[in-house]
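In: What follows is a protein structure lacking sequence information:
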């Protein structure tokens, strides 16, 4: 029981951290990126987003497939769980370009080289879309937790 509780608690904490971080990253990317402090804000928010994603995915996989909750068969037959996973995969696909770009930016900033920031607004929009998708995941998760969508697939 304690393990289930802790997994659920960390899963929810990651949600709060991640949603705040991806929103903060969007705001930081929309601001002028003309100083070390501006890049620091982008990198800090991006790091929190990445940490939250790791916690979220690790606890989610453990809860769904590690025998701690309702069981794998329940989740795999639940339409809302499958929708939640589709939203997660969409977020992960959207995140590839910003992740790679921000890793490159970090290296350039660390070396003191100039960073081309002309695509920052595109990454900000992606971050906003990801935030909306996270919110939709919450609706899918709460529906699933209340037994909706059970047996809807398969």
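Out: On my side now, so go ahead. All of these numbers come straight from a predicted model, not from anything done at the bench.
In: Give me the buried positions along the lowest-mean-pLDDT helix or strand in the chain.
Out: When the helices and strands of the chain are scored by mean pLDDT, DSSP states H and E, helix 72-76 comes last with a mean of 85. For helix 72-76, the neighbour count (16 or more other Cβ atoms under 10 Å) marks residue 75 as buried. Heads up, the C-betas are built off the backbone N, CA and C, glycines and all.
In: Start the count at 44 instead of 1 going forward.
Out: OK, 44 is where the count begins now, so the last one is helix 115-119.
In: and that helix, what does it pack onto?
Out: Other elements packing on helix 115-119 under the criterion 3 or more Cβ pairs under 8 Å, 6 or more residues apart in numbering; DSSP states H and E are helix 79-108.
In: same question for the helix it packs on, mean pLDDT?
Out: Taken as a whole, helix 79-108 has a mean pLDDT of 94.
In: for it, packing partners?
Out: Secondary-structure packing of helix 79-108 (3+ Cβ pairs under 8 Å, 6+ apart): helix 45-73, helix 115-119, helix 122-154.
In: and the least confident helix or strand of the chain, how far from the chain's centre?
Out: 22 Å (Cα atoms, centre = their mean, to the nearest Å).
In: Quickly note the distance from the residue positioned nearest the centre of the chain to residue 80.
Out: Note on the chain: the residue nearest the mean C-alpha position is residue 96, at 4.7 Å, using Cα atoms, centre = their mean. With distances taken as Cβ to Cβ, to the nearest Å, residue 96 is found 25 Å from residue 80.
In: Please name the residues that touch the closest residue to residue 160 other than its chain neighbours.
Out: Closest residue to residue 160 apart from its sequence neighbours, by Cβ to Cβ, 6 or more residues apart in numbering: residue 76 at 4.4 Å. Counting by Cβ atoms under 8 Å, 6 or more residues apart in numbering, residue 76 makes contact with 82, 85, 158, 160, 163.
In: Next, count neighbours for the closest residue to residue 112 other than its chain neighbours.
Out: Nearest in space to residue 112, with sequence neighbours left out and distances taken as Cβ to Cβ, 6+ apart, is residue 106 at 4.9 Å. Neighbour count of residue 106, defined by other Cβ atoms under 10 Å: 19.
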